[in-house]
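Engineer: My questions concern the predicted model and sequence given below.
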Amino acid sequence: MSGPSDFQPTNPVIKWIERRLPIFGLVHSSFVAYPTPRNLNYWWTFGAILSLMLGVQILTGIILAMHYTPNADLAFRSVELLVRDVNYGWLLRNMHAAGASMFFFAVYIHMFRGLYYGSYKEPREVLWILGVIIYLLMMATGFMGYVLPWGQMSFWGATVITNLFSAIPYVGDSIVTLLWGGYSVGNPTLNRFFSLHYLLPFLIAGVVVLHVWALHVAGQNNPAGVEAKTEKDTVAFTPYATIKDMFGVSCFLIFYAWFIFYMPNYLGDADNYVPANPGVTPAHIVPEWYYLPFYAILRSIPNKLAGVIAMFSAIVVLAFLPWLDSAKTRSSKYRPLAKQFFWIFVVVCVLLGYLGAQPPEGIYVIAGRILTVCYFAYFLILLPLLSRIETPRPLPNSIADDVLAKYGKKVASIAVAFVVAGGLIAGSAQNARADEEVTPPSQSWSFSGPFGKYDRGSLQRGLKIYKEVCSNCHGLSYIAFRNLADVGGPGYSVAQAAAFASDYKIKDGPNDAGDMFDRPGRPADYFPSPFPNEQAARAANGGGLPPDLSLIAKARSYERGFPKFIFDFFTQFQEQGPNYVSAILQGYEKKPADVALPEGTYYNKYFPGHAIKMPQPLTNGQVTFDDGSPATLPQYAHDIATFLMWAAEPQMEARKHLGLQVFVFLILSD
């Protein structure tokens, strides 16, 4: 229901428009005079947060689409060049990628709030069902967007998820072929997903309009779950709810900005910084974190068709909540048993999310089956049963009376205890798996932390190591010679970068005679590959393909385990890649007597499986530095890892500098 509007425009232009299209009166009645329950808490601000995030995702997505190339051969490179060469391209990419996670984070809180306070009950059934439709559209949009970078996890995630449709009897294979545009995930698949990923957000926006319309027809629910009876029960949406929403949005933006400017890869997967390769399957394929509970349900059932049905049923069952829970009391605030089981259900969802990220073996499969049963039992058994046997607490006579009541603190504490306990159990299992490999030791890096900067001397020494040693086998194809003179880089002048480029021979042409020719490098050229093609690279390296080093510092990682990954969020630790690179270079040792290695491999204690094909590339005294730095292996490893971190993220200093300014602004504005 919209509020009674007394909007009377005085501006002649607005008055002229209002007589012909009363849009200003509609806005006034819907977002100014709209009566809002006076007891709403900050959990209700997530509606405004979601509206903001939808706008951010659509706006950044439109701009990113202007620079993206939906071609299997060019997609990965187009994303990287967008981040590196487009002004503030890194900011747009981080906003969009982190924004997807923030969108789902906010929507899950919004949904759990609706579950707890019974926002799905009469007369808000249509409002709730529209919300479930929005969630389904979000999941489809998010999945297709995850495929677009065309990294290893994107490609194999698309392969695994689209293959699920083959379980549908009779038409499954036809659906998969239609999705793929052929007989495997490839260029037609990428084009289909790009088109749908671009269009679906506008469909989401349309359903959101219906969602808000349904909200204004039925009116907002509130923590007490009782309807407004008198004017004392409500306040005008503006300024009361508006100010509260603005404060909640500002706090959320601080949380969002933390990921954009300081932890852009915290929620991602290192494998997605490796270009898609149909011939190499990642050791462990997992979707984004917001799909993990449903992925765990899918894998907990051995039958493929049954698993697919269970996974989709876990979402569709939400639409039937208004009829599964027939209790007359809406809010769990006044339902003691429902409140306790709600928090247990939250813990079940969190643990399912953890299991979805683990390999489908052993205790993880058994735990997944138990928790899957618990998930469906909550909706299909507990809620219908509680609606019949539970005796609720007395409800307040009005919303105004509820403002004076304070309940729920003890239950919230119990819920926190459940989550912490679940986290400890999950972390113990994760640590047990991580202990199977030797973890690279953490080092001190100049670029770590909120004020970190690259060590110019270390970058220049690392560049020399690359040129004299690494460039014999490895390319650096995403770095142009001009980047050596960029702000935040090794600190060379434009003339020095040009002189450095001229030392390289670049294949160019054809000339007027139709022949290819070699010429000296120019600042605009990219570092050339040491081999003319992949086959030549494999032939020169015993069949192995030396990876391009442009992204290696972000494409390599290792398990941190619980509780380290929690501390990493607050300490802004994202240096797994440099730690790994440095450790690998120093990890060559004599093979233990009880270890068998395949022919043509070397023992490295930090390499997964310990058998690495690359012979030890660096030894003491191999490279001499002009600044007198020690010519030792630890120094080499530190310097080349620093240089490769810059190669992977040349805009890091600009990112952190802008982040500090944004944080100061957001904190002061609060």
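Structural biologist: Done, it's in. Numbers count the residues shown, from 1 in each chain.
Engineer: Residue 643 versus residue 483, what's the distance?
Structural biologist: As for residue 483, its distance to residue 643 is 12 Å (criterion: CB to CB, to the nearest Å). In short, each C-beta sits where N, CA and C put it, glycine included.
Engineer: higher neighbour count, the two?
Structural biologist: Between residue 483 and residue 643, counting by other CB atoms under 10 Å, residue 643 is the more crowded of the two (29 against 22).
Engineer: Show me what counts as buried in the helix or strand where that one lies.
Structural biologist: Secondary structure assignment for residue 643, by DSSP states H and E: helix 633-648. By neighbour count on 16 or more other CB atoms under 10 Å, the buried set for helix 633-648 is 633, 635-648.
Engineer: and if you look at stretch 453-470?
Structural biologist: Buried, per 16+ other CB under 10 Å, within stretch 453-470: 454-455, 457-467, 469-470.
Engineer: what comes into contact with it?
Structural biologist: 446-447, 474, 476, 484, 488-492, 549, 617-618, 622-623, 625, 627, 629, 635-636, 638-646, 652-653 (CB atoms under 8 Å, 6 or more residues apart in numbering).
Engineer: could you dump it to PDB, C-alpha only?
Structural biologist: The C-alpha trace of stretch 453-470 is given here as PDB (Å, rounded to 0.1, in the frame of the first residue of the first chain):
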ATOM      1  CA  LYS A 453      54.400  -0.500  -2.200                       C
ATOM      2  CA  TYR A 454      56.700  -2.300  -4.600                       C
ATOM      3  CA  ASP A 455      60.400  -2.100  -3.800                       C
ATOM      4  CA  ARG A 456      61.800  -0.400  -6.900                       C
ATOM      5  CA  GLY A 457      65.300  -2.000  -6.400                       C
ATOM      6  CA  SER A 458      63.700  -5.400  -6.100                       C
ATOM      7  CA  LEU A 459      61.600  -4.900  -9.200                       C
ATOM      8  CA  GLN A 460      64.700  -3.900 -11.200                       C
ATOM      9  CA  ARG A 461      66.700  -6.900  -9.900                       C
ATOM     10  CA  GLY A 462      63.800  -9.200 -10.600                       C
ATOM     11  CA  LEU A 463      63.600  -7.900 -14.200                       C
ATOM     12  CA  LYS A 464      67.300  -8.600 -14.700                       C
ATOM     13  CA  ILE A 465      66.800 -12.100 -13.400                       C
ATOM     14  CA  TYR A 466      63.900 -12.600 -15.800                       C
ATOM     15  CA  LYS A 467      65.800 -11.300 -18.800                       C
ATOM     16  CA  GLU A 468      69.000 -13.300 -18.100                       C
ATOM     17  CA  VAL A 469      67.400 -16.600 -16.900                       C
ATOM     18  CA  CYS A 470      63.600 -16.900 -17.000                       C
END
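Engineer: now it: how far from the chain's centre is it?
Structural biologist: Chain-centre distance of stretch 453-470: 31 Å, with CA atoms, centre = their mean, to the nearest Å.
Engineer: Quick one: mean pLDDT over that stretch.
Structural biologist: Regarding stretch 453-470, the rounded mean pLDDT is 97.
Engineer: swap in stretch 662-670?
Structural biologist: The predicted model assigns stretch 662-670 a mean pLDDT of 89.
Engineer: Can you tell me what sits against it?
Structural biologist: Under CB under 8 Å, 6+ apart, the answer for stretch 662-670 is 247, 250, 251, 253, 254, 257, 261.
Engineer: quick one: which of the residues you listed is nearest residue 271?
Structural biologist: residue 261 (23.6 Å; CB to CB).
Engineer: State the pLDDT value of that closest one.
Structural biologist: On the pLDDT scale, residue 261 is placed at 97.
Engineer: Surely it touches residue 653?
Structural biologist: No - in this structure, residue 261 is not within contact of residue 653 by CB atoms under 8 Å, at 11.5 Å.
Engineer: And residue 623, how far from residue 517?
Structural biologist: Applying CB to CB, the value for residue 623 to residue 517 is 32 Å.
Engineer: Between those two, which has more neighbouring residues?
Structural biologist: In terms of neighbours (other CB under 10 Å), residue 623 is the more surrounded of residue 623 and residue 517; the figures are 19 against 12.
Engineer: And that one, what's its pLDDT?
Structural biologist: Looking at residue 623, its pLDDT reads 95.
Engineer: got the buried residues for the helix or strand hosting residue 496?
Structural biologist: Here residue 496 sits within helix 494-502, counting by DSSP H and E. Judged by neighbour count (16+ other CB under 10 Å), helix 494-502 contains these buried residues: 497, 498, 500, 501.
Engineer: Show the average pLDDT along that helix.
Structural biologist: On average, the pLDDT along helix 494-502 is 96.
Engineer: where does it sit relative to the chain's centre, distance-wise?
Structural biologist: Centroid displacement of helix 494-502 relative to its chain, using CA atoms, centre = their mean, is 38 Å.
Engineer: Can you show me the CA trace of that helix as CSV?
Structural biologist: In CSV, the C-alpha atoms belonging to helix 494-502 read as follows (Å, rounded to 0.1, in the frame of the first residue of the first chain):
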residue,chain,number,x,y,z
VAL,A,494,60.5,6.5,-20.9
ALA,A,495,64.0,6.6,-22.5
GLN,A,496,65.2,3.7,-20.4
ALA,A,497,62.2,1.6,-21.3
ALA,A,498,62.7,2.4,-25.0
ALA,A,499,66.4,1.4,-24.7
PHE,A,500,65.4,-1.8,-22.9
ALA,A,501,62.9,-2.6,-25.7
SER,A,502,65.5,-2.1,-28.4
